[in-house]
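*Asks:* no sequence on this one, just coordinates:
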């Protein structure tokens, strides 16, 4: 079955193992609540609908979503997401799924939104070399020629040009879990993962269950 949780990125630090410094990412994941159980007989597939980050003030939730949570009998949550499972009968509405679902040494897929960098030129966005640095060249960090001759008479699609950089959904696969702190709801992952500090992350592991 597939096990997944939502979390947010605390930041990066280092761990020392046999004298070697290892870059790690610390992730905090509050327990997710089972809000709805989807079954193949009624919904066409087996999955769990999970809520993340409880919301105390109901006025911050739209009325349709508030009714959805009240129908399930759970506290309103800020985020909703789904994970596919093989055995929906093993869960019931109101169950909690947290970092204890993961163990040290497991590999997970981490999905997040990369840090937005705004509108950038070709030197930063595509690592173009640019022109001469001397004062008389008048060409330093520009794009240069982009067009063709009479045929086809246009800029070819897909050409590397200035534009929006970052703020894209990316997934890093096979990230190793180095530590699990169920008491503080923390996971320590080897290496870097997408997104800035405080950014939302979705961790997914796959097992045969």
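*Replies:* Thanks, I have it. If you're wondering where the values come from, they're calculated on a predicted model, not measured in any experiment.

*Asks:* Just give the number of residues close to the nearest residue to residue 160 once chain neighbours are set aside.
*Replies:* Leaving aside its sequence neighbours, residue 160 sits nearest to residue 126 (CB to CB, 6 or more residues apart in numbering; 4.5 Å). (Each C-beta comes from the backbone N, C-alpha and C, glycine too.) Neighbour count of residue 126, defined by other CB atoms under 10 Å: 14.

*Asks:* Could I get the phi/psi values of residue 126?
*Replies:* When read as degrees, to the nearest 10, the backbone of residue 126 gives phi -120, psi 10.

*Asks:* How confident is the prediction for it, by pLDDT?
*Replies:* Listed pLDDT for residue 126 reads 96.

*Asks:* Same question for residue 144.
*Replies:* Looking at residue 144, its pLDDT reads 89.

*Asks:* and the gap between it and residue 130?
*Replies:* Separation of residue 144 from residue 130 (CB to CB, to the nearest Å) stands at 9 Å.

*Asks:* quick one, which of those two is more surrounded?
*Replies:* Neighbour count, other CB under 10 Å: between residue 144 and residue 130, residue 130 has more, with 16 against 9.

*Asks:* Identify the residue nearest the more buried one in space, chain neighbours excluded?
*Replies:* Of all residues not flanking residue 130 in the chain, residue 141 sits nearest, at 4.8 Å (CB to CB, 6+ apart).

*Asks:* Okay, helices next: where are they in the protein?
*Replies:* For the chain, the helices defined by DSSP state H cover 40-43, 63-72, 122-126.

*Asks:* Single out the most deeply packed of those helices.
*Replies:* Of all the helices of the chain, helix 122-126 has the most neighbours on average by mean count of other CB atoms under 10 Å, namely a mean of 15.
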